[in-house]
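Student: no letters, just coordinates:
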């Protein structure tokens, strides 16, 4: 990213000077599949907004209908044979309407890309439909073709699709990555070579090519990979079993979809957080960091940042699988939040990203809702008010007993700011934290800093629990939350240590919080807390009980319920957190991206020869941070 405020502000001013009114943009985004029309065209030459919106919507609906009919023809034998017979004779179906799974998936892929406003998909559809209309128009000069009413209908429908593409062109402005064409070409070449090699081996192994040369078998396989039809004309001596052709066709269809994915893949995101943007964010956090306990986590260096026009507010985000994920509320002056949100949404539209916010507060959720996003409560954040915390009482009996048992065993707790720890001591802390992680993948995105021991994070607090011999057995790291709060970042313990060390460290920090000037403590985020709480009550409905049972089942791997129980024992104040999104249909994609960002799911990677080089200073969405800075 560029330098702090001034360049960011100038960039935003240029974008706002293009004449695009945000209220119109957001309304059209909701009506025309989330893409803002191009406001740079002169008003005299532009079609009415209703026509442009209608053209964009019709183009997407047409592709969806074509995909449905193509797939239907693939499973409905009589319908599929009718379509193929028409295409083979003098009867023609409309553009992109052919029978088969490959053509259906192709149309569906184009529909998805068009719905996301991809400019490359619009160009491809324009070329295909234009060539089809031109060819069919020329064919209509033949009396046999001109005499069939269906051909006139096909020409009219295809021409209407072409006109809709032209009318709605302003809705398809999302740019792809510059490396996509080269990547798609590499995937096509490498994939074709693999498919031909495997297919030729199958033809040879089954004896189908007995009496033919290797060149004949390769030519047969290559023709079937490219056209999905037989290569009998080029290799008449090759007669393969049906299952071999099915396998080759399956590989070919898969390769085709991979090439399409590589060609239309959304940009991975801007550069990671740079020193100037980080310094600017820290300045905003000094003034407004007390508003949101997740604010400090915006300093993760695998995030990018977008600024409001005045540079008084910013949103840190990360692009995962075509989803631009922000976490928590915008950073900075609340009055400047709308400008930052508008800049973030504009950038999402320009690149075809799906916007989503994980863990927004109620205040932030309302502001996001004003800009066209919906909000869904996904859990609660546990906040302990240190002045109100008490260990006595029946409700705290279990926690109190665990705390006293650990203290009687000779354990002590040390609490220090990171800036008060020497380099040698911090190196030992890093080594222990990495060793205690035990090779497991790093978890956390919205409530994790992703590094430990960085000199820039000197105000962070390290809590260590040591045994009677002075050996460290557990550690916790907290990031600042304004001037009087801390937010939990990292939690590690030795696997062979006694139980209750984490509880002892947390309680000791609460009891001694006055030494640090801390009045509030943010602990872990408990997803779906209300489901566990209400689902366990007497009289809970069957749907709620079923939902709770499912979450309990998945907690075996993802620790959903255990995090809730671990937080609830401190009797915290629960603050709801929300997931903000634009359309309900985006939720599966957002959920997958969120799970990848939080470390619950791995990131699929291309083979090493096909991976594009990372941008300088950028980090892949699924690439783990170096162990030295975890």
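Tutor: That came in fine, so what should we check first? These figures come from a predicted structure and were not determined experimentally.
Student: quickly run through the sheet partners of the longest strand seen in the chain, with directions.
Tutor: For the chain, the strand with the greatest residue count under DSSP state E is strand 374-385. Using DSSP bridges, strand 374-385 pairs in its sheet with strand 520-527 (antiparallel), strand 573-581 (antiparallel).
Student: list the buried residues in it.
Tutor: 374-375, 378-384 (16 or more other C-beta atoms under 10 Å). Heads up, the C-betas are built off the backbone N, CA and C, glycines and all.
Student: any chance of those in JSON lines with distance to residue 424 and pLDDT as columns?
Tutor: Below are the buried residues of strand 374-385 laid out as JSON lines (distance: C-beta to C-beta, whole Å; pLDDT from 0 to 100):
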{"residue": "374", "distance to residue 424": "51", "pLDDT": "94"}
{"residue": "375", "distance to residue 424": "47", "pLDDT": "94"}
{"residue": "378", "distance to residue 424": "42", "pLDDT": "88"}
{"residue": "379", "distance to residue 424": "39", "pLDDT": "87"}
{"residue": "380", "distance to residue 424": "40", "pLDDT": "90"}
{"residue": "381", "distance to residue 424": "35", "pLDDT": "92"}
{"residue": "382", "distance to residue 424": "34", "pLDDT": "92"}
{"residue": "383", "distance to residue 424": "35", "pLDDT": "95"}
{"residue": "384", "distance to residue 424": "33", "pLDDT": "94"}
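Student: return the distance of the longest strand of the chain from the chain's centre.
Tutor: Centre-to-centre, strand 374-385 and its host chain are 21 Å apart (C-alpha atoms, centre = their mean, to the nearest Å).
Student: looking at the strands paired with strand 374-385, which has the lowest confidence?
Tutor: Comparing mean pLDDT across these, the weakest is strand 520-527, with a mean of 87.
Student: could I get the buried residue list for whichever helix or strand comes after that strand?
Tutor: Once the chain leaves strand 520-527, the next helix or strand it forms, by DSSP states H and E, is helix 529-535. For helix 529-535, a neighbour-count test (16+ other C-beta under 10 Å) marks 529, 531-533, 535 as buried.
Student: what of stretch 577-585?
Tutor: Within stretch 577-585, the residues that qualify as buried are 577-583, counting by 16+ other C-beta under 10 Å.
Student: check the residues you listed and tell me the two furthest apart.
Tutor: The largest separation in these, counting by C-beta to C-beta, is between 577 and 583 at 20.4 Å.
Student: A strand includes residue 465, no?
Tutor: Yes - with DSSP: H, G, I helix; E, B strand; the rest coil as the criterion, residue 465 is assigned to a strand.
Student: tell me, how many neighbours does it end up with?
Tutor: Residues near residue 465, counting by other C-beta atoms under 10 Å, number 26.
Student: quick one: it and residue 491 touch, right?
Tutor: No - using C-beta atoms under 8 Å as the test, residue 465 is too far from residue 491 to be in contact (11.1 Å).
Student: just the helices from the stretch 1-150 of the chain, written as ranges.
Tutor: Ranges of helices in the stretch 1-150 of the chain, per DSSP state H, counting those that start in this stretch, are 5-16, 22-31, 49-75, 77-88, 101-115, 119-139, 143-146, 149-167.
Student: again but with the stretch 301-450 of the chain, I slipped
Tutor: Ranges of helices within the stretch 301-450 of the chain are 337-351, 362-370, 397-408, 423-437, based on DSSP H, counting those that start in this stretch.
Student: can I get these in CSV with mean neighbour count, mean pLDDT and distance to residue 241?
Tutor: Shown next, in CSV, are the helices of the stretch 301-450 of the chain (neighbours: other C-beta atoms under 10 Å; pLDDT from 0 to 100; distance: least, C-beta to C-beta, whole Å):
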stretch, mean neighbour count, mean pLDDT, distance to residue 241
helix 337-351, 23, 93, 47
helix 362-370, 18, 95, 57
helix 397-408, 16, 90, 67
helix 423-437, 15, 91, 52
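Student: mind putting those helices into a markdown table with distance to residue 320?
Tutor: Converted to a markdown table, those look like this (distance: least, C-beta to C-beta, whole Å):
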| stretch | distance to residue 320 |
| --- | --- |
| helix 337-351 | 13 |
| helix 362-370 | 19 |
| helix 397-408 | 37 |
| helix 423-437 | 22 |
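Student: closest to residue 514 out of these?
Tutor: Among the helices of the stretch 301-450 of the chain, helix 397-408 sits nearest to residue 514 (C-beta to C-beta), with 18.1 Å.
Student: what sits up against the closest one?
Tutor: Helix 397-408 is contacted by residues 391-392, 465, 498-501, 503-504, 507, 569-570 when judged by C-beta atoms under 8 Å, 6 or more residues apart in numbering.
Student: how about low-confidence regions in this structure?
Tutor: 1-46, 74-89, 99-100, 207-211, 226-237, 268-271, 439-443, 538-539, 558, 602-630 (pLDDT under 70).
Student: rerun at 50
Tutor: Low-confidence segments of the chain, defined by pLDDT under 50: 1-44, 606, 608-630.
Student: domain parsing of it, as residue ranges.
Tutor: Structural domains annotated on the chain: 37-171, 180-264, 275-373+582-629, 382-580, as defined by automatic domain parsing.
Student: list the contacts for residue 318?
Tutor: 269, 300, 302-304, 324-325, 445, 597, 621.
Student: tell me how far it lies from residue 345.
Tutor: 16 Å (C-beta to C-beta, to the nearest Å).
Student: also residue 113?
Tutor: Distance, residue 113 to residue 345, by C-beta to C-beta: 20 Å.
Student: and what of residue 212?
Tutor: Noted for residue 212: a distance of 60 Å to residue 345, by C-beta to C-beta.
Student: about what we covered before: just the strands paired with strand 374-385: most buried one?
Tutor: Compared across the strands paired with strand 374-385, strand 520-527 shows the largest average neighbour count, a mean of 23 (mean count of other C-beta atoms under 10 Å).
Student: run the chain-centre distance for that strand.
Tutor: Taking the mean of its C-alpha atoms, strand 520-527 sits 24 Å from the chain's own mean (C-alpha atoms, centre = their mean).
Student: try stretch 406-418
Tutor: The answer for stretch 406-418 is 40 Å, by C-alpha atoms, centre = their mean.
Student: for it, buried residues please.
Tutor: For stretch 406-418, a neighbour-count test (16+ other C-beta under 10 Å) marks 406, 411, 413, 415, 418 as buried.
Student: do you know how far residue 326 is from residue 238?
Tutor: Residue 326 is 56 Å from residue 238, by C-beta to C-beta.
Student: more crowded one of those two?
Tutor: Between residue 326 and residue 238, counted using other C-beta under 10 Å, the more crowded position is residue 326 (27 against 21).
Student: tell me which residues touch that one, please.
Tutor: Residues near residue 326 by C-beta under 8 Å, 6+ apart: 315-317, 344, 355-358.
Student: any idea how far it is from residue 553?
Tutor: From residue 326 across to residue 553, the span is 30 Å (C-beta to C-beta).
Student: strands of the stretch 251-400 of the chain, start to end?
Tutor: Ranges of strands in the stretch 251-400 of the chain, per DSSP state E, counting those that start in this stretch, are 304-307, 313-320, 323-327, 331-332, 354-360, 374-385.
Student: tell me which of these sits nearest to residue 197.
Tutor: Nearest of the strands of the stretch 251-400 of the chain to residue 197, taken as C-beta to C-beta: strand 313-320 at 33.8 Å.
Student: so what strands line up beside the closest one?
Tutor: By DSSP bridges, strand 313-320 pairs with strand 304-307 (antiparallel), strand 323-327 (antiparallel), strand 331-332 (antiparallel).
Student: buried deepest among those, which one?
Tutor: Of the strands paired with strand 313-320, the one with the most neighbours on average (mean count of other C-beta under 10 Å) is strand 331-332, at a mean of 30.
Student: ok now that one, how far from the chain's centre?
Tutor: 23 Å.
Student: re earlier: tell me which of the helices of the stretch 1-150 of the chain is the most buried.
Tutor: Among those, ranked by average contacts under mean count of other C-beta under 10 Å, first place goes to helix 101-115 (a mean of 22).
Student: pull the residues that contact that one.
Tutor: In this structure, residues lying in contact with helix 101-115 by C-beta under 8 Å, 6+ apart are 33-34, 59-60, 63-64, 66-71, 73-74, 96, 120-122, 124-125, 172, 228, 249, 252-253, 256-257, 260-261, 264, 352.
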